[in-house]
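In: what follows is a predicted protein model with its sequence.
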Amino acid sequence: MTTFFTLLLAHLLADFPLQTNRIFRLKVAGNVGLALHVGIHLIMTGLLLQNPAQHIDLLLVLGVAHFVTDWIKVRFPGEPQWPGFILDQLAHLTAIVLLAIWQPAVTAVLPLSLLLPLILFVFLPAALMLLWVWANDAQEQNRYQQSRSVNWASQRLLTISQRTGWIAVVVVIACRLFLL
């Protein structure tokens, strides 16, 4: 289970607080931006692994799986966007489950007693991001254009999501530095 939780936390951190607006625009613009985004995933995963050099095969498969999933998502965006957002996350979750089944004995830097609360905490930015995507979709519909709450969500939730997630990023980096 440690492999699953480690990969899940790395994914949540890299896909939400660490995927800034600029990185997202680069990712949409082409494969170089997409490779940068995948690189951030691999760095975050490496920070959470006890001996990342011993798990190069896991990191390579993770990187390829994430690249392919996001390449498909970027090339075929769809309207409204929230179903694609959910399908994208389900595809990533499926890859994480399969990788955890393939290599269940990966040792994490963080103990489960810290991994699990961090995962729960980082679900907040993920949920806020989903609400932000939904709010942007809702504004496209005529009946929600005058909604102050939908307008507020569309303007503010992305920033709140990213800033909230950075707390967990700092905790992970601090733990990695002190547990070396």
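Out: Looks like it arrived, so ask away. Numbers count the residues shown, from 1 in each chain.
In: how far does the top helix by length along the chain sit from the chain's center?
Out: Longest helix in the chain, counting residues (DSSP state H): helix 148-178. Distance, stretch centre to chain centre, for helix 148-178: 12 Å (C-alpha atoms, centre = their mean, to the nearest Å).
In: stretch 92-101 too?
Out: The answer for stretch 92-101 is 14 Å, by C-alpha atoms, centre = their mean.
In: ok, stretch 89-101 next?
Out: 12 Å.
In: just checking, what packs against the helix or strand bottoming out on mean pLDDT in the chain?
Out: Across the helices and strands of the chain, mean pLDDT, DSSP states H and E gives its lowest value to helix 21-29, namely a mean of 83. Applying 3 or more C-beta pairs under 8 Å, 6 or more residues apart in numbering; DSSP states H and E, we find helix 21-29 packed against helix 31-48, helix 56-75. The C-beta positions use only the backbone N, C-alpha and C, and glycine is treated the same way.
In: any low-confidence regions in the protein?
Out: Flagging of the chain using pLDDT under 70 yields the residue ranges 142-143, 179-180.
In: buried residues in the least confident helix or strand of the chain, which are they?
Out: Under the neighbour-count criterion of 16 or more other C-beta atoms under 10 Å, helix 21-29 has 23, 26-27 buried.
In: give me the angle between it and helix 148-178.
Out: Interaxial angle, helix 21-29 versus helix 148-178 (axes from the mean of the first three to the mean of the last three C-alpha atoms, to 10 degrees): 100 degrees.
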